[in-house]
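Sequence plus predicted model, see below.
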Amino acid sequence: MQSSNTFTQGKILSPLLRFTVPVLFALILQTMYGAVDLLVIGQFCSAADVSAVSTGSQIMHMVTVIITGLSMGTTVLLGQKLGQGDLQGAGDAAGGSICLFAAGGAVLMLILVPFARPLSQLMQAPAEALAATTDYVLICGAGCLCIVAYNVLGSVFRGIGDSKTPLFAVAVACVANIVLDLLFVAVFHWGVRGVALATVLAQLLSVLLSLMLIRKKGLSFPFSRSQIRFSKPVILRVVKLGAPVALQDFLVSCSFLVLIAIVNALGVIASAGVGVAEKLCGFIMLFPSAFMQSMSAFVAQNIGAGRQDRAKRAMVYGMVTAFGVSLVLGYLGFFHGEMLASLFSRDPLVNAAAADYLRAYAIDTLLTSFMFCFVGYFNGCGQTTFVMLQGFVGAFLVRIPVSFLMSRITQRLFLIGMATPCSTFVQIVLCLWWFGRMNKRRLEA
């Protein structure tokens, strides 16, 4: 039986970093799925194909963040059960989650496949990229069950404090994705369809490898097939914890899709430029994202064990560490955007547009080092409804209105992109208020 990492005793920073680093590398490799797609398309295909992969991957990213958000319910519930020493409850949480996510994956596939073209049109994909965008969404949508399976397995591993196993699985899959991308695009000339197919096959490999590792190493709690059932209390608890996070992530993704749609209306160069910038932003944001995921698991175990003091200190350590790295990443994004964009595109106009947009994100990465750690802390505490509400405020009351207003005033992508750091700043203020409110309640209790 595999042992789990216990976060409720001993030092805080060193075990948190040991857990976070594999999560970070796994996120980097996972992000490379879409980044490699765009890189290969940018080197061997047209700007319209770059736009198609950019727009299509945004749609699939929205699906992925919903699944990831909902799987946070599994991570938190499992972490709390282990912190309480309830091993039977941990097994029930894993089994109920498998049933829940299997049903959800089937529903998503039934939505994405037949509605691939309407979704692409809704995104205002440029006319010359519409057919290719539809192909990308259709093929990736058909492989939606692989995305769901990978995320539910990852949520279980994170809940028990194991971040190395999913790293190994996704590393193998990422290598496979690179090889298949080059084979399907550079050799077979399948274009956008080739990169989409390569992504799905690589994700399938990741799932199969994860299952093989579970069978070989086991889990840190008793688990049997009889626990794979639609247990109403377990599923309701997972949904109660994860649904607000999933809804928040969905709404945030919707706000970015609206922003992309606003930019798409400016033409194919702006569309492709923002697509390239978004891929770079994905990498820049990975470090605070890794702390957010790790913080949720770390805090959940400590909350389950009644160690609120350790949970708070972990959040502070995470913020300081994430901000230090964000300073370096923000500098690169703000001052060297065209150089970074050239990794994905050979078109100087596309690279210039990407660099302009990236400057706004460079500012945002400094702010998210605080906001993401706040969100990870609140998730671990089970305060997922607040996470949803602050995300809604940032997305729909700040990001969308500001980006729309800027697009009416100017076509400068930097000013349109500044909607994102504006929303993050407002969310930090809300998080500070809620954190103070939680502490006041504990003192009064």
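Noted; the coordinates are in hand.

who's in contact with the residue nearest to Arg412 when sequence neighbours are not counted?
Ranked by Cβ to Cβ, 6 or more residues apart in numbering and with sequence neighbours excluded, the top spatial neighbour of Arg412 is Asp356, at 6.8 Å. Yep, even glycine has a C-beta here, placed from its N, CA and C like the rest. Going by Cβ atoms under 8 Å, 6 or more residues apart in numbering, Asp356 touches 273, 337, 412-414, 417.

do the same with Ser71
Residues near Ser71 by Cβ under 8 Å, 6+ apart: 97, 101, 151-152, 154-155, 242.

Now tabulate those in TSV and tack on pLDDT.
Formatted as TSV, the contacts of Ser71 follow (pLDDT from 0 to 100):
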residue	pLDDT
Ser97	85
Phe101	84
Asn151	75
Val152	79
Gly154	79
Ser155	77
Gly242	83
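
Neighbour-wise, which one of these leads?
Neighbour counts for those, by other Cβ atoms under 10 Å, peak at Ser155, which reaches 31 neighbours.

average pLDDT for the top helix by length along the chain?
As assigned by DSSP state H, the longest helix anywhere in the chain is helix 47-84. Mean pLDDT, helix 47-84: 81.

Secondary structure element holding the closest residue to Val274 other than its chain neighbours?
Distance criterion Cβ to Cβ, 6+ apart; nearest residue to Val274, sequence neighbours excluded, is Val263 at 4.7 Å. Per DSSP states H and E, Val263 falls inside helix 232-264.

Which strands or helices does that helix pack on?
In terms of contacts (3 or more Cβ pairs under 8 Å, 6 or more residues apart in numbering; DSSP states H and E), helix 232-264 is packed against helix 47-84, helix 87-112, helix 268-284, helix 348-380, helix 384-392, helix 400-409, helix 413-417, helix 419-444.

out of everything not next to it in sequence, what's closest to the residue sitting nearest the centre point of the chain?
Compute the mean C-alpha point of the chain, and by Cα atoms, centre = their mean the closest residue is Val65, 5.2 Å away. Leaving aside its sequence neighbours, Val65 sits nearest to Asp249 (Cβ to Cβ, 6+ apart; 3.9 Å).

same deal with Ile214?
Leu153 is the one closest to Ile214 (Cβ to Cβ, 6+ apart), at 7.5 Å.

can you pull the contacts of that neighbour?
Contact analysis of Leu153 by Cβ under 8 Å, 6+ apart lists 166, 207, 210-211, 214.

tell me the two of those residues that are most distant?
Farthest pair in the contacts of Leu153 (Cβ to Cβ) is Pro166 and Leu211. Separation: 12.0 Å.

List the residues that contact the residue nearest to Val274.
The contact partners of Val263, taken as Cβ under 8 Å, 6+ apart, are 270-271, 274, 357, 407, 413, 416.

Of those, which is the nearest to Thr55?
Nearest to Thr55 among the contacts of Val263, with distances taken as Cβ to Cβ, is Ser271, at 7.2 Å.

so the closest one makes contact with Ile262?
No. The pair Ser271 / Ile262 is not scored as a contact, 10.4 Å apart, by Cβ atoms under 8 Å.

Settle it for me: which of those two has more neighbours?
Using other Cβ under 10 Å as the criterion, Ser271 and Ile262 rank with Ser271 on top: 29 against 20.

Gln227 and Ala93 touch, don't they?
No. With contact defined as Cβ under 8 Å, Gln227 does not count as touching Ala93 (9.0 Å).

more neighbours, those two?
A direct count of neighbours by other Cβ under 10 Å for Gln227 and Ala93 places Ala93 higher, at 30 against 19.

residue contacts, that one?
74, 77-78, 81, 159, 234, 237-238.

Go through those residues and name the one nearest Leu110.
Val238 (21.7 Å).

quick one: contacts for the closest one?
Neighbouring residues of Val238 by Cβ under 8 Å, 6+ apart: 70, 73-74, 77, 93, 96-97, 100.

which residue packs closest to it, ignoring adjacent ones?
Here the residue nearest Val238, using Cβ to Cβ, 6+ apart, is Gly73, at 4.0 Å.

Give me the neighbour count for that neighbour.
Neighbours of Gly73 (other Cβ under 10 Å): 27.

same check, this time on His336
A count of nearby residues for His336, using other Cβ under 10 Å, gives 13.

Over to Arg437?
Using other Cβ under 10 Å, the number of residues around Arg437 comes to 11.

That one and Gln427, how far apart?
Using Cβ to Cβ, to the nearest Å, we find Arg437 at a distance of 15 Å from Gln427.

cool, Ile235 as well?
For Ile235, the distance to Gln427 - Cβ to Cβ - is 29 Å.

Of these two, which one has the most company?
Using other Cβ under 10 Å as the criterion, Ile235 and Gln427 rank with Gln427 on top: 27 against 18.

residues contacting the nearest residue in space to that one that is not next to it in sequence?
With Cβ to Cβ, 6+ apart as the criterion, Gln427 has its nearest non-adjacent residue at 4.3 Å, and that residue is Gly394. Contacts for Gly394 were tallied using Cβ under 8 Å, 6+ apart; they are 252, 255, 423-424, 426-427.

what's the answer for Ile260, then?
Each residue near Ile260 by Cβ under 8 Å, 6+ apart is listed here: 54-55, 58, 123, 271, 274-275, 278.

what's stretch 117-132 in contact with?
48-49, 51-53, 55-56, 58-59, 112, 133-134, 137, 191-193, 257, 260-261, 264-265, 267-268, 271.

Just the buried subset of these, written out for PyMOL, thanks.
Entered in PyMOL, the line below selects the buried ones among the contacts of stretch 117-132, by 16 or more other Cβ atoms under 10 Å:
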select buried, resi 48+49+51+52+53+55+56+58+59+112+133+134+137+191+192+193+257+260+261+264+268+271
